[in-house]
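Novice: here is my input; please provide its structure:
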Amino acid sequence: MSWTGTDNDNLNTLRNTVKMTDHKTVYVEFVAEAVCGDDEHPNPDGDLSGDCVTDFLDVAILTENWLTDNQP
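Specialist: I've put the predicted structure just below:
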(Lines give C-alpha, C1' and ligand atoms only; values in the text may rest on other atoms or scores of the structure.)
Protein backbone atom coordinates (compact mmCIF):
# COMPACT_ATOMS: atom_id res chain seq x y z
CA MET A 1 0.00 0.00 0.00
CA SER A 2 1.24 3.48 -0.72
CA TRP A 3 -0.09 7.00 -0.37
CA THR A 4 0.44 9.99 -2.60
CA GLY A 5 -0.84 13.48 -2.06
CA THR A 6 -0.07 16.93 -0.68
CA ASP A 7 1.56 18.26 2.51
CA ASN A 8 2.03 15.12 4.55
CA ASP A 9 5.44 13.92 5.75
CA ASN A 10 4.45 10.33 6.57
CA LEU A 11 2.90 9.14 3.33
CA ASN A 12 4.38 5.63 3.46
CA THR A 13 2.84 4.40 6.70
CA LEU A 14 -0.02 1.92 6.93
CA ARG A 15 -2.11 4.36 8.91
CA ASN A 16 -2.32 7.97 7.88
CA THR A 17 -4.23 11.13 8.77
CA VAL A 18 -4.67 14.05 6.42
CA LYS A 19 -6.19 17.24 7.78
CA MET A 20 -8.49 18.68 5.12
CA THR A 21 -8.29 22.43 5.67
CA ASP A 22 -8.49 23.17 1.96
CA HIS A 23 -9.10 21.31 -1.29
CA LYS A 24 -6.54 18.51 -1.41
CA THR A 25 -6.04 15.37 -3.41
CA VAL A 26 -4.91 12.21 -1.69
CA TYR A 27 -4.57 8.79 -3.32
CA VAL A 28 -4.05 5.42 -1.77
CA GLU A 29 -2.94 2.45 -3.83
CA PHE A 30 -3.68 -1.03 -2.55
CA VAL A 31 -1.63 -3.82 -4.07
CA ALA A 32 -2.60 -7.42 -3.42
CA GLU A 33 0.11 -9.33 -1.61
CA ALA A 34 1.79 -11.97 -3.75
CA VAL A 35 0.71 -15.43 -2.68
CA CYS A 36 2.60 -18.36 -4.07
CA GLY A 37 0.27 -20.70 -5.91
CA ASP A 38 -2.23 -18.09 -7.07
CA ASP A 39 -2.85 -17.29 -10.74
CA GLU A 40 -0.27 -14.49 -10.81
CA HIS A 41 2.43 -16.44 -8.91
CA PRO A 42 2.29 -20.13 -9.79
CA ASN A 43 4.28 -22.70 -7.85
CA PRO A 44 7.75 -23.28 -9.31
CA ASP A 45 8.33 -26.30 -11.54
CA GLY A 46 9.05 -29.41 -9.49
CA ASP A 47 7.37 -28.15 -6.32
CA LEU A 48 5.53 -31.34 -5.42
CA SER A 49 5.02 -30.44 -1.75
CA GLY A 50 3.26 -27.12 -2.48
CA ASP A 51 5.55 -25.06 -0.23
CA CYS A 52 6.67 -22.75 -3.09
CA VAL A 53 10.23 -24.09 -3.04
CA THR A 54 11.77 -26.86 -5.13
CA ASP A 55 14.04 -28.68 -2.70
CA PHE A 56 14.99 -32.14 -1.37
CA LEU A 57 11.51 -32.63 0.06
CA ASP A 58 10.19 -32.58 -3.50
CA VAL A 59 12.89 -35.07 -4.55
CA ALA A 60 11.81 -37.32 -1.65
CA ILE A 61 8.18 -37.17 -2.79
CA LEU A 62 9.24 -37.96 -6.35
CA THR A 63 11.36 -40.96 -5.35
CA GLU A 64 8.72 -42.24 -2.94
CA ASN A 65 6.19 -42.36 -5.76
CA TRP A 66 8.56 -43.23 -8.58
CA LEU A 67 7.32 -46.78 -9.17
CA THR A 68 3.71 -46.27 -8.11
CA ASP A 69 1.33 -47.83 -10.62
CA ASN A 70 -1.08 -45.05 -11.52
CA GLN A 71 -2.84 -46.95 -14.30
CA PRO A 72 -6.08 -48.73 -13.42
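Novice: and the pLDDT for residue 4?
Specialist: pLDDT recorded at residue 4 is 61.
Novice: list the contacts of the residue most central in space within the chain.
Specialist: Centroid-nearest residue in the chain: residue 34, 1.3 Å away (criterion: CA atoms, centre = their mean). If a contact means CB atoms under 8 Å, 6 or more residues apart in numbering, then residue 34 has 40, 41 as its contacts. Where C-beta positions appear, they are placed from N, C-alpha and C, glycine not excepted.
Novice: roughly how far apart are it and residue 42?
Specialist: 11 Å (CB to CB, to the nearest Å).
Novice: and for residue 23?
Specialist: Taken as CB to CB, the span from residue 23 to residue 42 is 45 Å.
Novice: quick one: pLDDT of residue 20?
Specialist: 77.
Novice: relative to residue 26, how far out is it?
Specialist: Taken as CB to CB, the span from residue 20 to residue 26 is 9 Å.
Novice: do the same with residue 45
Specialist: Distance from residue 45 to residue 26, by CB to CB: 43 Å.
Novice: so between these two, which is more surrounded?
Specialist: residue 26 (14 against 7; other CB atoms under 10 Å).
Novice: the more buried one bridge partners, please.
Specialist: residue 5 (DSSP bridges).
Novice: OK, contacts around residue 72?
Specialist: Contacts of residue 72 (CB under 8 Å, 6+ apart): none.
Novice: how near is it to residue 21?
Specialist: The value you get for residue 72 to residue 21, if CB to CB is used, is 74 Å.
Novice: please apply the same query to residue 42.
Specialist: 48 Å.
Novice: more crowded one of those two?
Specialist: Remark: of residue 42 and residue 21, residue 42 carries more neighbours, 11 against 7, as counted by other CB under 10 Å.
Novice: just the element for that one, please.
Specialist: Assigned by DSSP states H and E, residue 42 falls within no helix or strand.
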